[in-house]
Every structure is written in structure tokens, then in C-alpha cells.
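Colleague: Show me how the following folds:
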Amino acid sequence: MRIAPLLVLLPLLLGACDKPSPTAPVASRQVVDMAGRTVAVPETIRSIACLEVLCYEKLFLLGASERIAMMIRTNAPWMRQTNPALDSIQQLGSDPDSEELLRRQVDVVFHTYGYPAPGKIERLAEMGIPTLVSQPVGAIDSIEAFVESRKRMLRLFGAVLGPQYAARAEEWCAYHDRLVAMVRERTAQIPSAQKIRLFHVRGPAATDTQGLTSNTYWYGVIAGADMVIDRTRLAGRGSVAMEELLNWNPQVINIGRQYSAERVTANPRWKQIAAVRDGRVQELPEGVFYWDGSTEGVLLMLYLAKELYPQLFADLDLRQEIRTYYARFYRYALSDQELELMLQGKGPDGRRHNEMNN
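Modeller: Okay, here's the model as predicted:
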């Protein structure tokens, strides 16, 4: 009988059964981010870290905000009103450390390029955390390049999330293209010398603005404005000198980020500027995110076109466009009262304030 050898082998066989099998490699696909980097991301995305402020609104638009594990804290006026579940997402005052991302088992990170910590993207990649640059990198020198960059941003999120979300992104891109074409066709007839001079106040200081790569600049250009900031080389956020503003003499001044128009109108130095003298200092609406950075920039374009050239856009029902946008892309039905508050530049509480001063 050969029982003894079998008895010797049996514990070895049982021990082998107790050992875990090697972990199967996670299926992945290649995605090209806004910096032109090719990044391998998991086929299935369950947990996302939004480490740049424009990320949340795009995921909300695509219907994937429930996958956000953590996000950089921001406080645009209509975020929580449109999505009460936002309070369940971990809010961060700054970038988390890499170990926290690993502990939370984040599948993918959306980040800015080189800000706030140079090299952070590369360090995360070395740790095996797929990290994508999801804001534009570099200069934008034409309307066509700007429009393409807006679409590329949303398409990136769709590509990471999968076909259903990619189709949703394409729906927005088609909507965006249609409205841009409509506005450009009408404003093309405005002679350069007759374009209205516009200055955008980003805040918190009245001389803080946004430059030649921003929503506010390019949507203003599309809407037919003479954007006075183009007399400078300012690309992103920055300040201008009061002497420059006096020289440019804008005819319209718009105030963004929930700051009060009093930052301009209460300052005696501004009173000699045409916009202040003529009562054309406006407090801009804001939404799920500020219109200076979100997909709602297309609504900013419509607002500016209607504000600057009401005769050219007499048939444009801005209220209906905003209502339709929220229903179609945010799946939120704005009430009449909410819509009026938004158009007055206020939040759901009826106030206009930026508690983060950002």
C-alpha cells in the first residue's frame, strides 16, 4: 500500500489551497489628458479625487458626482441647492497627502498642472495612482482653440468614466457649438470701433481680473465685447493698475464670484470711469460653479451678448435658456423664485456673498 506517501503530501496540498491566488491585473484603458499625457485608468471607476476646483461641476453634469470620494472645498452659490448629497463628500482645504489617497482607494485623481505643488502629479503616478491634468495647459490664441479646449475638458471626464458618460459629454459639446455659432454669426456684424469696452472684476479686489486664457475673456470676445484686458499680456488670474483702468475707460464692468458691485461703485477713483458714471456696473449670476470657470460659461456668453447688444439678441430668452440648461444638464428644475435670485446674482438664501473670499 502507498498510503504513507499520500499522508505526507496531504498537508502540503491543503496548505497550498489556503494560499490566496495572485491578484488579477486590473483592466485598464489609455486616456490622453489636457497636458497631452497618456494615462492608464481602470476600466471601472468607483472612487474619484477632485483635486482641482472645476472637477466637481463636470462630474455633476455627467451624472457621476456620487463617485467623488473627496474634493477641494469651494462654495459656489448653487452647489448644494442642486445636489444635497454634496455634504457627504469629503471637503479638503488643500491637497491631501498621497497616503490618504491610497487609504481611500481612489481609482483616479483629477488635478491641475504644477499647482499647488510642482511634481505632485509625477509623484502620484509613481505610487500607481492614475492622475490626470483636467484643466487647459498653455496659451489659447483664437476662438476656435478656446472652444476646442472647453470641449476637450468635458470629453476627458467622459472618456475616463466610460461610453455612457462620453455620450453625455458629446451632447453638451453639440449644444455648446450651436450656441457659439449663433452668437458669433450675430456679433460678426459689429464694427470693431463700435464694440463695447468691458472689464471683468474677478475679485476679491476690484482690480483683480482674469486674462487671455479665461472663460470671461473668450466668451466676452465671442459675445462681441472689446475686452480691455487684451491691452495686457495677463494670461490667467491677476491684477491691473488703476491707472490702466482709467485709461481703458470701460463702458461696462461686470462683477463676478459673488462680490458686491460696491467694491467698484463705492470707490471715488472709479467714478470717472464710463461704466460707473453711466450706471453699467453689473453683478454677474453664478451657478453650480462660478461662470468664470464652469461649463455654465456658455450661459455667461449668452448673458454678455444680451447685456451688451440687446437689439441683436432681442429674441434670446435668457431665463428660458438657464432653466433649460439646468433641467437638461443638471437634472434640476429651477423654480421661478430660484431663477430670479440667480439672475440677480444671488444665492438660494437671497444673499450675494463669497464667504471663502476666493
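
Colleague: Following element in sequence after the host helix or strand of Glu170, please.
Modeller: Element membership of Glu170, judged by DSSP states H and E, is helix 163-187. Using DSSP H and E, the helix or strand that follows helix 163-187 in sequence is strand 197-201.

Colleague: I'd like to know which elements the helix holding Glu170 is packed against.
Modeller: helix 55-62, helix 143-161, helix 215-222, helix 297-308, helix 318-329 (3 or more C-beta pairs under 8 Å, 6 or more residues apart in numbering; DSSP states H and E). The way it works is simple: take the backbone N, C-alpha and C, and place the C-beta from them, glycine included.

Colleague: Just checking: what are the partner strands of the helix or strand following the first one?
Modeller: Right, helix 55-62. Next along the chain after helix 55-62, taking DSSP H and E as the criterion, comes strand 68-72. Next to strand 68-72 in the sheet, as set by DSSP bridges, lie strand 48-50 (parallel), strand 90-92 (parallel).

Colleague: what's strand 68-72 in contact with?
Modeller: 47-53, 55-56, 59, 89-92, 94-96, 104, 106 (C-beta atoms under 8 Å, 6 or more residues apart in numbering).

Colleague: so what's Ala166 closest to, chain neighbours aside?
Modeller: Leaving aside its chain neighbours, Ala166 sits nearest to Gly158 (3.7 Å; criterion: C-beta to C-beta, 6 or more residues apart in numbering).

Colleague: That neighbour and Trp172 touch, don't they?
Modeller: No - applying C-beta atoms under 8 Å as the test, Gly158 and Trp172 come out as separate, 9.1 Å apart.

Colleague: Contact partners for Ala235?
Modeller: Ala139, Gly211, Leu212, Thr213.

Colleague: Would you write a PyMOL line that selects the buried entries of these?
Modeller: Selection of buried members from the contacts of Ala235 for PyMOL, criterion 16 or more other C-beta atoms under 10 Å:
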select buried, resi 211+212+213
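
Colleague: how is this protein carved up into domains?
Modeller: What automatic domain parsing lists as the domains of the chain is 28-142, 189-343.

Colleague: Grab the two from the contacts of Ala235 that are most spread out in space.
Modeller: By the measure C-beta to C-beta, Ala139 and Gly211 form the most distant pair in the contacts of Ala235, at 10.3 Å.

Colleague: Let's see the distance spanning stretch 34-47 from one end to the other.
Modeller: 21 Å (C-alpha to C-alpha, to the nearest Å).

Colleague: and Leu300, how far is that from Gln282?
Modeller: 12 Å (C-beta to C-beta, to the nearest Å).

Colleague: ok so, going back, quick one: closest of the strands paired with strand 68-72 to Ile190.
Modeller: Per C-beta to C-beta, nearest to Ile190 of those: strand 48-50, 38.9 Å.

Colleague: From the chain's centroid, how far away is the closest one?
Modeller: 14 Å (C-alpha atoms, centre = their mean, to the nearest Å).

Colleague: which residues are contacting it?
Modeller: Here strand 48-50 makes contact (C-beta under 8 Å, 6+ apart) with 55-56, 59, 64, 67-72, 96, 101, 104, 106-110.
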